[in-house]
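**Student:** Give the three-dimensional model of this entry:
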Amino acid sequence: MTRRVVMPQPSLTDRQRTLVRDLVQLVETRAVAEPAIDDSARARKEAAQREFDDDYQTVIVRFAAAKDSAEREVESARAAVRSAHEEEKRSAAARSAADTPRRSTKPRPPIRKGAGRWRR
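**Tutor:** Coordinates of the predicted model:
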């Protein structure tokens with residue numbers, strides 16, 4: 001015959017008391033840790049917001065500088081195009097004036113009527 005060793009088990013009430021004591025200890029630990037966790041989260045959030053604000057401001061300044069630079073570049077290109085256009089107009093006018101035969105300043109003889117035709 002084999003003999004069984006029976007280990008005494010705690011009663012249900014003892015187990016419940018132990019669980020309640022553990023639960024109370026966890027609640028106390030949480031009550032102490034929770035404000036520190038909240039403070040830490042708030043500090044991290046504020047730091048992240050400051051970093052975002054700084055980066056946002058940097059981007060705004062860079063954008064404004066790039067926009068101003070682009071506007072200056074466009075205006076410079078427009079001025080160059082206007083200048084080239086005006087120069088081309090002057091050059092074309094000068095070529096046209098040089099290619100056009102000059103009219104005589106001598107007065108023309110009067111036109112006479114004769115034989116049904118107009119003559120000069």
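
**Student:** Next, count neighbours for residue 43.
**Tutor:** 10 (other Cβ atoms under 10 Å). (C-beta placed from N, C-alpha, C; glycine too.)

**Student:** Residue 51 now?
**Tutor:** For residue 51, using other Cβ under 10 Å, the count is 10.

**Student:** roughly how far apart are it and residue 98?
**Tutor:** Distance from residue 51 to residue 98, counting by Cβ to Cβ, to the nearest Å: 70 Å.

**Student:** now swap in residue 47 and tell me
**Tutor:** Residue 47 is 76 Å from residue 98, by Cβ to Cβ.

**Student:** Please say which of the two ends up with more neighbours.
**Tutor:** Between residue 47 and residue 98, counting by other Cβ under 10 Å, residue 47 is the more crowded of the two (10 against 7).

**Student:** If I look at that one, what pLDDT would I see?
**Tutor:** What the model reports as pLDDT for residue 47 is 98.

**Student:** Then residue 4?
**Tutor:** For residue 4, pLDDT reads 74.

**Student:** Number of residues surrounding it?
**Tutor:** Around residue 4 there are 5 other residues, counting by other Cβ under 10 Å.

**Student:** can you confirm residue 50 is in a strand?
**Tutor:** No - going by DSSP: H, G, I helix; E, B strand; the rest coil, the assignment for residue 50 is helix, not a strand.

**Student:** for this structure, which spans come out with low pLDDT?
**Tutor:** 1-2, 5-7, 101-106, 112-120 (pLDDT under 70).

**Student:** what does stretch 3-16 rub up against?
**Tutor:** With Cβ atoms under 8 Å, 6 or more residues apart in numbering as the test, stretch 3-16 has contacts from residue 18.

**Student:** Give me the buried positions along it.
**Tutor:** Buried residues in stretch 3-16, counting neighbours by 16 or more other Cβ atoms under 10 Å, are absent.

**Student:** Show the residue spans covered by the strands in the chain.
**Tutor:** 112-114, 117-119 (DSSP state E).

**Student:** What separation do you get for the most centrally placed residue in the chain and residue 96?
**Tutor:** Among the residues of the chain, the one closest to the centroid is residue 63, at 6.5 Å (Cα atoms, centre = their mean). Note on residue 63: its distance to residue 96, by Cβ to Cβ, is 48 Å.
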